[in-house]
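**Q** Quick one, what's the 3D model for this:
(chains A and B)
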Number of protein chains: 2
Amino acid sequence: MDYMQELIELLGDERVTTNQTVLEHHSHDESYHTPRLPDVVVFPQTVEEVSQIMKLAYARHIAVTPFGLGTSLEGHAIPYEGGISMDFSQMNQVLEVRPHDFLVRVQPGVTRTQLNKELKKHGLFFSVDPGADATLGGMAATNASGTTSVRYGVMRDQVRDLEVVLADGRIIHTGSMTAKSSSGYHLTGLFVGSEGTLGVFTELTLRVYGIPEATTAARACFPSVQDAVDTVVDILSAGIQVARIELIDERSIRQVNLYKETSYPESPMLFIEFHGSEQSLAHDIEFAQNIAAEHGCQEFLFETDSKARAQLWDVRHNMAYAFLHKSPGKKMMVTDVCLPFSELAGAVVDARQAIDQSGLDGAILGHVGDGNYHVILMIDLDDSDEVARAEQLNAHLVEYALSRGGTCTGEHGVGVGKAKYQRIEHGEALDVMQSLKNVLDPTGILNPGKIFGA
Amino acid sequence: MDYMQELIELLGDERVTTNQTVLEHHSHDESYHTPRLPDVVVFPQTVEEVSQIMKLAYARHIAVTPFGLGTSLEGHAIPYEGGISMDFSQMNQVLEVRPHDFLVRVQPGVTRTQLNKELKKHGLFFSVDPGADATLGGMAATNASGTTSVRYGVMRDQVRDLEVVLADGRIIHTGSMTAKSSSGYHLTGLFVGSEGTLGVFTELTLRVYGIPEATTAARACFPSVQDAVDTVVDILSAGIQVARIELIDERSIRQVNLYKETSYPESPMLFIEFHGSEQSLAHDIEFAQNIAAEHGCQEFLFETDSKARAQLWDVRHNMAYAFLHKSPGKKMMVTDVCLPFSELAGAVVDARQAIDQSGLDGAILGHVGDGNYHVILMIDLDDSDEVARAEQLNAHLVEYALSRGGTCTGEHGVGVGKAKYQRIEHGEALDVMQSLKNVLDPTGILNPGKIFGA
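**A** Residues are numbered from 1 along each chain as shown, chains lettered A, B, ... in the order given. Okay, the predicted model is just below:
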């Protein structure tokens, strides 16, 4: 029997499709990487169905690529060997909120805004904010983070337990509902960030937080990137609990001014958010303001009211659009490296020089409390010279980071785009990773081509 | 050639010993578990020496058990198949402090107090405090935590990179110096907590923190354990950054009063420590005090001065001694389970009943912000009935935790003591752990008998 027929017997014909539009939707993510159609898209609704699909795929050596909402940025969701794209949009229930445990159990297709809407009723929130409204399964698969990880940690820090279906269809739980454990190997940490190459997630138990009493946002301008980064180091040294701390470089602000006809000071800018009680925030802001002044801060504005806060963050939110607007028809290429704090300022200055020398244009923004920054380039994918220059630039940024104790990706993951840097970054540890992959996915059916390359 | 001779050729005869006193010192840890002599103790000084020793052991199928200071509590350091005890006391250098990166590089034999002494010069501190002055290599091996993990996280949260020597002598690095990464599998998290069964650590890169501007300690008494735990949940919900939050039950305080001739109120007691700026602390304490009052708190004392703080924590520090003192000749049996917060109060009440019913006596204390509590029993190891009752009690506490979403060990690790609970806790995930063990240690020479049992 044909495996399509077997899939239909398992799921019924409404949840197994080879419709061209659906295949195309599952052929790409938000990246510039070359699309590839899956042979079939399936929509499981239960862990048992996922297990049956995996057993079938395992027996017949068919590739399986999990698909959340396709917001990944390094080609993670692209099924490079065809086969099955496993879409989790019908496993999108918030299963249980446990307010006194600061925990929630969700299916992998739940998005973070959907979860936060549900949590708000309990005075709770989920902290990881990667920008896109990704699914939580996808965020766990790539170990996503974003603006708030300086305070609350990355995705891996939030996941207490995963229900995982292995390549051969076995179903395991990797953790428990406790805040900590020293019992057995930390499988949760291994599966988070494994990008669908070790198993498929069917349920997540996540840590959540009480909504802070008050939130204040601040924006500060500095004479140089170094001054801005030094301010961040001093703020963190003092133990001030900033919830977000973002850097945008001078060139990027100039683009926002052009696009929005605004007149923001064209100098490196920090965006800071504080969470806490009203009284402690007042103190934290005063402290941060003094530190910023010591580093030559020319303007320090802050707002507590939610509308005024949004206004203050306007520059940050408009930055990608400002560059998109000026480049119609081009595709966004985002790269993401992370360095030790002490190397970040130098890296950002070097990145700006490298962008200028490449003849390309683009934004630099950083989750500076993590040592993480992104370069957003607008490129014409039909212009092979432009693509080559963008790839050279990307390689330069990665090599700069790796030679200074950094990593080739702070939060976007490896996918296909960063696979070529894995050996340089990990050395012989890559062989250990490959041996773990081989033991958990002996026939290589789980998201082939990702992390380890083709 | 005899392998002892080979070891002597590698290290010289001063760092290879079969001296009986040294063998005995390496035959046990601080637990009640049965000692076993190693055949030889070696004292490597470099990663290359560790690699050579592992190559030799790998070729000859000789067991290797890493040894820090022997402060483990579940038999981790006991070489149950004899062979080589690898002592890290001559790899005890703080290699590099990077204040602007909030990082330190250390050898595995450095102890936490040694590290903190060095860090203090830079206004920094290392957060994990398991009580004992353990080595950092040992703390990483067991994923140690302790009183401060409610705020700063457990050992796994602090380790950015490990240099690991694998079973066959290969040397790898598991991470980088960055605050986050999505590059490749999270080997750091896998090796932390692996208890010497997957590889031997030869260097650690650890996260450190700025010493807080101010510290305040508080002590609060409650009508019931439930009231105390509810207070903790409300404090954490409000986002107040407590640095430590410890619970001691009524019976334990009575024992301190007997031992120290004090008159502390004999009711469940919370010990709380706050870190922050002076102004934010004043607010946090007021807030916590109000929450405690809502839950029937009868006495809430706090102190900022370091001497007065120590006085306030006197009960907590004297508790183990209070029970030791009353039981001359007995051995301490400590057990350690962890539950979701909502189950903690019930677990502590149940534990006290179970202790009373067993005819044994002992203390209950908990890192209540983590859902983690310990029972400390004094037992006569020559009294087989007493030992049997203690083991039954231990089993009861573990089963209570496991049936409520908990884990059999929050911070002490599995060693030999909790090996029998691994299948119940992890189910088929234990097979995944075993398959990882098999691929990284195919001949089973790395700390045999631990985690998976004999």
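
**Q** Leaving aside the residues adjacent along the chain, what's closest to residue A:57?
**A** Nearest non-adjacent residue to residue A:57, counting by CB to CB, 6 or more residues apart in numbering or on different chains: residue A:64, 5.0 Å away. C-beta: built from backbone N, CA, C; applies to glycine.

**Q** can you pull up the bridge partners for the one you found?
**A** residue A:84, residue A:446 (DSSP bridges).

**Q** now do residue A:209
**A** residue A:125.

**Q** so who does it touch?
**A** A:102, A:124, A:125, A:126, A:127, A:152, B:239 (CB atoms under 8 Å, 6 or more residues apart in numbering or on different chains).

**Q** can you check residue A:156 too?
**A** A:143, A:188, A:189, A:192, A:193, B:186, B:189.

**Q** Pick out whichever of these sits closest to residue B:341.
**A** Set against residue B:341, the nearest of the contacts of residue A:156 by CB to CB is residue A:188 (18.6 Å).

**Q** I'd guessed the closest one sits against residue A:173; true?
**A** No. Residue A:188 lies out of contact with residue A:173 (CB atoms under 8 Å); the separation is 9.2 Å.

**Q** what residues are shared contacts of those two?
**A** With CB under 8 Å, 6+ apart as the test, residue A:188 and residue A:173 both reach A:161, A:162.

**Q** okay, the two: which has more neighbours?
**A** The neighbour comparison of residue A:188 against residue A:173 (other CB atoms under 10 Å in any protein chain shown) goes to residue A:188, with 24 against 18.

**Q** just checking, that one is part of a strand?
**A** No. Residue A:188 is assigned helix when assessed by DSSP: H, G, I helix; E, B strand; the rest coil, not a strand.

**Q** those helices in the stretch 251-400 of chain A, which residues are they?
**A** Here the stretch 251-400 of chain A has its helices, by DSSP state H, counting those that start in this stretch, at A:278-294, A:306-312, A:314-325, A:341-358, A:384-402.

**Q** residues near the residue nearest to residue A:57, how many?
**A** 27.

**Q** Tell me who's in contact with it.
**A** Going by CB under 8 Å, 6+ apart, the list of residues near residue A:64 reads A:53, A:54, A:57, A:83, A:84, A:86, A:200, A:445, A:446, A:447.

**Q** Throw those residues into CSV and include distance to residue B:71 and neighbour count, thanks.
**A** Written out in CSV, the entries for these read as follows (distance: CB to CB, whole Å; neighbours: other CB atoms under 10 Å in any protein chain shown):
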residue, distance to residue B:71, neighbour count
A:53, 48, 25
A:54, 44, 26
A:57, 48, 24
A:83, 51, 21
A:84, 51, 27
A:86, 47, 29
A:200, 41, 28
A:445, 45, 22
A:446, 41, 25
A:447, 43, 28
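
**Q** In CSV: those, plus pLDDT.
**A** Output for the contacts of residue A:64, formatted as CSV (pLDDT from 0 to 100):
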residue, pLDDT
A:53, 98
A:54, 98
A:57, 98
A:83, 98
A:84, 98
A:86, 98
A:200, 98
A:445, 98
A:446, 98
A:447, 98
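
**Q** which residues sit in contact with residue A:404?
**A** A:339, A:340, A:343, A:346, A:347.

**Q** Identify the farthest-apart pair in the residues you listed.
**A** It's A:340 and A:346 that sit farthest apart of these, by CB to CB, at 10.7 Å.

**Q** Show me which residues of the helix or strand of chain A with the lowest mean pLDDT are buried.
**A** Across the helices and strands of chain A, mean pLDDT, DSSP states H and E gives its lowest value to helix A:314-325, namely a mean of 82. Neighbour counts over helix A:314-325 (16 or more other CB atoms under 10 Å in any protein chain shown) mark A:315, A:316, A:318, A:319, A:320, A:322, A:323, A:324 as buried.

**Q** hmm, back to that, now that we have the contacts of residue A:404, which of them are buried?
**A** Applying 16+ other CB under 10 Å to the contacts of residue A:404 flags A:339, A:340, A:343, A:347 as buried.

**Q** Closest one to chain B out of the residues you listed, please.
**A** Nearest to chain B among these, counting by CB to the nearest CB, is residue A:340 at 4.2 Å.

**Q** Quick check: the residue of the stretch 151-300 of chain A found nearest chain B vs residue B:186, distance?
**A** Per CB to the nearest CB, residue A:189 is where the stretch 151-300 of chain A lies closest to chain B, at 3.1 Å. Distance from residue A:189 to residue B:186, counting by CB to CB, to the nearest Å: 5 Å.

**Q** same thing with residue A:383?
**A** Taken as CB to CB, the span from residue A:383 to residue B:186 is 38 Å.

**Q** likewise residue A:440?
**A** 14 Å.

**Q** out of those two, which sits in the more crowded spot?
**A** residue B:186 (25 against 22).

**Q** Now for the more buried one: which residues touch it?
**A** A:143, A:156, A:189, A:190, A:192, A:193.

**Q** switch to 7 Å and redo it
**A** Neighbouring residues of residue B:186 by CB atoms under 7 Å, 6 or more residues apart in numbering or on different chains: A:156, A:189, A:190, A:192, A:193.

**Q** Could you do residue A:265 as well?
**A** Per CB under 7 Å, 6+ apart, neighbours of residue A:265: A:221, A:298, A:299.

**Q** Can you pull the poorly scored residue ranges out of chain A?
**A** A:1 (pLDDT under 70).

**Q** Where does the record place the domain boundaries for it?
**A** As given by automatic domain parsing, the domain ranges for chain A are A:1-211, A:214-317, A:321-413.

**Q** Using CSV, please lay out those domains together with distance to residue B:215.
**A** Shown next, in CSV, are those (distance: least, CB to CB, whole Å):
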stretch, distance to residue B:215
domain A:1-211, 20
domain A:214-317, 11
domain A:321-413, 23
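
**Q** neighbours around residue A:443, how many?
**A** 16.

**Q** In a helix, it, correct?
**A** No. Under the criterion used here (three-state DSSP), residue A:443 is coil, not part of a helix.

**Q** Spit out the contact partners of it.
**A** Contacts of residue A:443 by CB under 7 Å, 6+ apart are A:58, A:61.

**Q** and the stretch 201-350 of chain A, which of its residues are near chain B?
**A** A:210, A:212-213, A:233, A:237-239, A:241, A:275-277, A:279-280, A:283-284, A:287, A:338-342 (CB under 7 Å from any CB of the partner chain).

**Q** Would you mind listing the residues in contact with residue A:141?
**A** A:66, A:76, A:194, A:195, A:196, A:201.

**Q** For the first one, give its distance to residue A:11.
**A** Yep, that's residue A:66 we're talking about. 16 Å.

**Q** which one of these two has more residues nearby?
**A** residue A:66 (28 against 18).

**Q** hmm, back to that, which pair in the contacts of residue A:209 has the greatest spatial separation?
**A** Top of the distance list for those (CB to CB): A:126 and B:239, 14.5 Å.

**Q** neighbour count winner among these two?
**A** Neighbour count, other CB under 10 Å: between residue A:126 and residue B:239, residue A:126 has more, with 24 against 19.

**Q** now the buried residues of helix A:314-325 in a markdown table, with distance to residue A:361?
**A** Formatted as a markdown table, the buried residues of helix A:314-325 follow (distance: CB to CB, whole Å):
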| residue | distance to residue A:361 |
| --- | --- |
| A:315 | 18 |
| A:316 | 19 |
| A:318 | 16 |
| A:319 | 13 |
| A:320 | 13 |
| A:322 | 11 |
| A:323 | 7 |
| A:324 | 12 |
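
**Q** Relative to residue B:388, which of the residues you listed is nearest.
**A** Closest approach to residue B:388 among the buried residues of helix A:314-325 (CB to CB): residue A:316, at 64.3 Å.

**Q** Nearest residue to residue A:240 in space, please, no chain neighbours.
**A** For residue A:240, the spatially nearest residue (CB to CB, 6+ apart) is residue A:284, at 5.0 Å.

**Q** isn't that neighbour right next to residue A:274, touching?
**A** Yes. Under the criterion of CB atoms under 7 Å, residue A:284 makes contact with residue A:274 at 5.1 Å.

**Q** Dump the contacts of residue A:156 to TSV, plus distance to residue B:177.
**A** Formatted as TSV, the contacts of residue A:156 follow (distance: CB to CB, whole Å):
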residue	distance to residue B:177
A:143	17
A:188	23
A:189	19
A:192	21
A:193	18
B:186	16
B:189	16
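
**Q** Nice, that's everything, thank you.
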